[in-house]
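S.K.: Quick one, structure for this:
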Amino acid sequence: MRRFFLMLALAGCFLFSGCDVREMSSLKELSLPYAGEYLCRELRMGERDVLPLFESVVLTLERDGRFSLVYRRRGGGEGGLSGSYTLDGESGSVEFAIEGGNGKTVRSFPYEKGCICIEVPLLDRLFFAKFAPRS
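M.R.: Below you'll find the model as predicted:
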């Protein structure tokens, strides 16, 4: 009987605490399972595979909503870009925003099965990159 009243009192605390459980963050939002490093597994310019030209291409999604893309060419030379991102797991898309001399550029790409696929028309060809989580 004592246990019953203890459980009832505990339930009352939750009900009347003024805290709306529906507005609380979910564990998934807190853990941000998609944050981390993604390695480029496929890189094409049109029909040509250009991944062998690079020593590494790494996309990093930070917990604070920032991203960086860093590449290192074989034989020397490196570069990259950075900006902000938002990832919507329900719609299966990630949106990248980059600010530069021409203003702000925002593009959305699919996020499926933990991978990010980027397709952009570039120099009359389709640039395609597939990033998978570092394992």
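
S.K.: count of residues packed around residue 43?
M.R.: 20 (other C-beta atoms under 10 Å). Using the backbone N, CA and C atoms, a C-beta is placed for each residue, glycine as well.

S.K.: An error on my part: the question was meant for residue 112.
M.R.: Residue 112 has 10 nearby residues by other C-beta under 10 Å.

S.K.: Next, work out how far apart residue 102 and residue 119 are.
M.R.: 21 Å (C-beta to C-beta, to the nearest Å).

S.K.: Please say which of the two ends up with more neighbours.
M.R.: Between residue 102 and residue 119, counted using other C-beta under 10 Å, the more crowded position is residue 119 (14 against 7).

S.K.: Bridged to the more buried one, which residues?
M.R.: residue 128 (DSSP bridges).

S.K.: Give me the residues contacting the helix or strand harbouring residue 72.
M.R.: Element membership for residue 72, per DSSP states H and E: strand 66-73. Identification of contacts with strand 66-73 by C-beta atoms under 8 Å, 6 or more residues apart in numbering yields 53-62, 78-85, 96.
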